[in-house]
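Engineer: Below are the sequence and a predicted model; questions follow.
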2 protein chains.
Amino acid sequence: MSGPETRTARAEATRAAIVDAALRMFREQGYEATTMRAIAREAGVATGNAYYYFSSKEDLIQEFYTRNHAAHLAASRPVLDTETGLAARLRGVLRALVDINEPYHEFAAKLYSRAAEPSSPLSPFSPESSPTRDAAIALYAEVIEGAHLRVPAAVRQRLPELLWLYSMGIVLFWVYDQSPGTERTYRLIDSTVPLAVRLIRLSRLRALGSVTRQVIAIVDDVRG
Amino acid sequence: MSGPETRTARAEATRAAIVDAALRMFREQGYEATTMRAIAREAGVATGNAYYYFSSKEDLIQEFYTRNHAAHLAASRPVLDTETGLAARLRGVLRALVDINEPYHEFAAKLYSRAAEPSSPLSPFSPESSPTRDAAIALYAEVIEGAHLRVPAAVRQRLPELLWLYSMGIVLFWVYDQSPGTERTYRLIDSTVPLAVRLIRLSRLRALGSVTRQVIAIVDDVRG
DNA sequence: AGGCAGACTTGAACGTGTTCAATAAATGCC
DNA sequence: GGCATTTATTGAACACGTTCAAGTCTGCCT
């Protein structure tokens, strides 16, 4: 009657219980107010047991990252499958990003501020975040691919990463946005997306060729 | 022989001792490694006494902000008093900012990440930071005033704040910069300043008038 | 079956930031 | 000078994140 459950599967269940409890409590009462003791109690395990699966309280956030990106991907699918204009695709993906983060607005504030610390494994530039980051950049590559876009190859090549950075900027703004329903963030997306698209298209202009080259040189230098 | 020292002056001395100990230890051994107990011991007071002057460990950082801006102002003075070109003035002020922060590079990482939290009083957008922020923006206003610059009034009016934002971006990059002597940050300044100046000048072009107007509209909307 | 190795679990203990009731020192008032 | 009030200081106590030596369980080998 012990069931077909392997030991690993049992452990996996414990792990999942901890994550579920943690993310729910983070959402409902905030990051600081949620204690590791409470998470463990809620998950039905001993306090110290959580540290067998997660090296720290912050480490639980990586799990949020992962689930978050999956949700973003799913929410972006409709737009990516139907829209063909760059502006529409970009706008849709960015709005989806804000949409799925909505329930975590307050929590995300703490989250992204912790993540801002360079030495933190939560930093979007850290090696630990590399899978999530690459996945996100790939999403913006798909945004571009699905659109008919004529730009210099040098621009096109760096565009996914630049759009990802742009999305990080939007998120940063969203974190600070206290307007009802974070409407200002939506407005920021709606107003900056056409501008961004326009700037991208301008990169073809002869007259701005040197500016474009300069921008590209800086981007390349910055990436080390 | 008790001296002319007033009570307030005595308290002020205690306060200063705490700040001195804190900033020195932050610089020497990092933020986390420096305990409130150690700060108090070093300052020659009881642990709890530090909380009479500072509501939290983070609150000690505001003091860093204040001293930091004063140092930046002083370091910028030579450039502001001699240079007349916008690029040279801007470049000098930004390099000065990096210069004076150098000893605190590691500490600043933690600092600015804490500051990134919107609800934190350390946030550069918080009411508590308003004096420091306004002072910083005023500095960039002086950068502009001292230069001969012909741009639309609408642009000029928003320029100090935009340059301040630009400087925050530089600082953000610097925080992440692990290159020796943070040379990449200096390079970023040197390469983006001419670009920024160029873009500012471009705002006069008829052909880009609508882009300029769009940017201004967004900026105004965002400031809400 | 018996027991072994490793995966998993426990809860007490440590050091931390922070609070607070109690105390001392300094000041104002007569 | 002596009392009352405000300012300043103390250190023990609290809850937290985290660690760890000790325990329990599970699948496997003989």
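Structural biologist: Yep, it's here.
Engineer: And the helices in chain A, which stretches?
Structural biologist: Remark: helices of chain A, listed N- to C-terminal, are A:7-29, A:36-43, A:50-53, A:59-82, A:86-101, A:105-115, A:130-145, A:153-176, A:183-202, A:209-222; assignment by DSSP state H.
Engineer: At the geometric centre of chain A, which residue sits there?
Structural biologist: What sits nearest the mean C-alpha location of chain A, by Cα atoms, centre = their mean, is residue A:69, with 5.8 Å.
Engineer: My guess is that one contacts residue A:135. True?
Structural biologist: Yes - counting by Cβ atoms under 8 Å, residue A:135 is a contact partner of residue A:69 at 5.7 Å. Bear in mind the C-beta positions are built from the backbone N, C-alpha and C, glycine included.
Engineer: Residue A:87: how many residues sit nearby?
Structural biologist: For residue A:87, the neighbour count with other Cβ atoms under 10 Å in any protein chain shown is 17.
Engineer: nearest residue to it other than its sequence neighbours?
Structural biologist: Using Cβ to Cβ, 6 or more residues apart in numbering or on different chains and skipping residues adjacent in sequence, the residue nearest residue A:87 is residue A:197, 4.7 Å away.
Engineer: Could you pull up the contacting residues of that neighbour?
Structural biologist: Contacts were defined as Cβ atoms under 8 Å, 6 or more residues apart in numbering or on different chains; by that measure residue A:197 touches A:86, A:87, A:90.
Engineer: Quick check, the residue in chain A closest to DNA strand C?
Structural biologist: Using Cβ to the nearest atom of the strand, residue A:48 is the residue of chain A that sits closest to DNA strand C, at 1.8 Å.
Engineer: what sits against that residue?
Structural biologist: residue A:40.
Engineer: That one and residue A:18, how far apart?
Structural biologist: For residue A:48, the distance to residue A:18 (Cβ to Cβ, to the nearest Å) stands at 12 Å.
Engineer: residues from chain A in reach of DNA strand C?
Structural biologist: Within reach of DNA strand C by Cβ under 7 Å from any atom of the strand, chain A has these residues: A:7, A:8, A:10, A:11, A:14, A:45, A:46, A:47, A:48, A:49, A:51, A:52.
Engineer: Could you dump the residues you listed into CSV with pLDDT added?
Structural biologist: As requested, these are arranged in CSV below (pLDDT from 0 to 100):
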residue, pLDDT
A:7, 62
A:8, 73
A:10, 77
A:11, 77
A:14, 93
A:45, 96
A:46, 96
A:47, 96
A:48, 95
A:49, 96
A:51, 97
A:52, 96
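Engineer: Is any residue of stretch A:203-218 near chain B?
Structural biologist: Yes - contact check for stretch A:203-218 against chain B, using Cβ under 8 Å from any Cβ of the partner chain: residues in range are A:211, A:214, A:215, A:217, A:218.
Engineer: I'd assumed residue A:123 was in contact with residue A:133.
Structural biologist: No - because the distance of 9.8 Å does not satisfy Cβ under 8 Å, residue A:133 is recorded as not touching residue A:123.
Engineer: what comes up buried for stretch A:74-81?
Structural biologist: Buried residues in stretch A:74-81, counting neighbours by 16 or more other Cβ atoms under 10 Å in any protein chain shown, are found at A:75, A:76, A:79, A:80.
Engineer: And the second one, how far from residue B:46?
Structural biologist: The reference is to residue A:76. Applying Cβ to Cβ, the value for residue A:76 to residue B:46 is 56 Å.
Engineer: One more: the last one?
Structural biologist: From residue A:80 across to residue B:46, the span is 61 Å (Cβ to Cβ).
Engineer: what's the answer for the first one, then?
Structural biologist: From residue A:75 over to residue B:46 the distance is 54 Å, taken as Cβ to Cβ.
Engineer: What is the burial count for residue A:73?
Structural biologist: By other Cβ under 10 Å, the residues close to residue A:73 number 18.
Engineer: Report the contact partners of it.
Structural biologist: Contact criterion Cβ under 8 Å, 6+ apart gives A:135, A:139 as the residues in contact with residue A:73.
Engineer: From residue A:49, how far out is it?
Structural biologist: From residue A:73 over to residue A:49 the distance is 31 Å, taken as Cβ to Cβ.
Engineer: cool, residue A:81 as well?
Structural biologist: Distance of residue A:81 to residue A:49, computed by Cβ to Cβ: 43 Å.
Engineer: residues in contact with the residue lying closest to residue A:75 once chain neighbours are set aside?
Structural biologist: In space, not counting the residues next to it along the chain, residue A:75 is nearest to residue A:96; the distance is 3.9 Å by Cβ to Cβ, 6+ apart. If you count contacts by Cβ under 8 Å, 6+ apart, residue A:96 has them with A:72, A:75, A:76, A:79.
Engineer: which one of the residues you listed is nearest chain B?
Structural biologist: Within the set of the contacts of residue A:96, residue A:72 lies nearest chain B; the separation is 21.4 Å, counting by Cβ to the nearest Cβ.
Engineer: about what we covered before: ok, of the buried residues of stretch A:74-81, which one's closest to DNA strand D?
Structural biologist: Nearest to DNA strand D among those, counting by Cβ to the nearest atom of the strand, is residue A:75 at 30.2 Å.
Engineer: And the closest one, how close does it get to residue B:193?
Structural biologist: Here the criterion is Cβ to Cβ. By it, residue A:75 lies 39 Å from residue B:193.
Engineer: Just the residues contacting the worst-scoring helix or strand of chain A on mean pLDDT, thanks.
Structural biologist: For chain A, counting by mean pLDDT, DSSP states H and E, helix A:209-222 ranks last in confidence among helices and strands (a mean of 72). Where contact means Cβ under 8 Å, 6+ apart, the residues beyond helix A:209-222 that reach it are A:152, A:154-155, A:158, A:162, A:203, B:173, B:184, B:187-188, B:191-192, B:194-195, B:198-199.
Engineer: give me that answer again for 7 Å
Structural biologist: A:154, A:155, A:158, A:203, B:187, B:188, B:191, B:192, B:195, B:198 (Cβ atoms under 7 Å, 6 or more residues apart in numbering or on different chains).
Engineer: ok, now which ones touch residue A:86?
Structural biologist: The contact partners of residue A:86, by Cβ under 7 Å, 6+ apart, come to A:147, A:149, A:197.
Engineer: Turn those into TSV, columns for pLDDT.
Structural biologist: Shown next, in TSV, are those (pLDDT from 0 to 100):
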residue	pLDDT
A:147	91
A:149	84
A:197	93
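Engineer: how about these in JSON lines, adding distance to residue A:26?
Structural biologist: Output for the contacts of residue A:86, formatted as JSON lines (distance: Cβ to Cβ, whole Å):
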{"residue": "A:147", "distance to residue A:26": "36"}
{"residue": "A:149", "distance to residue A:26": "39"}
{"residue": "A:197", "distance to residue A:26": "36"}
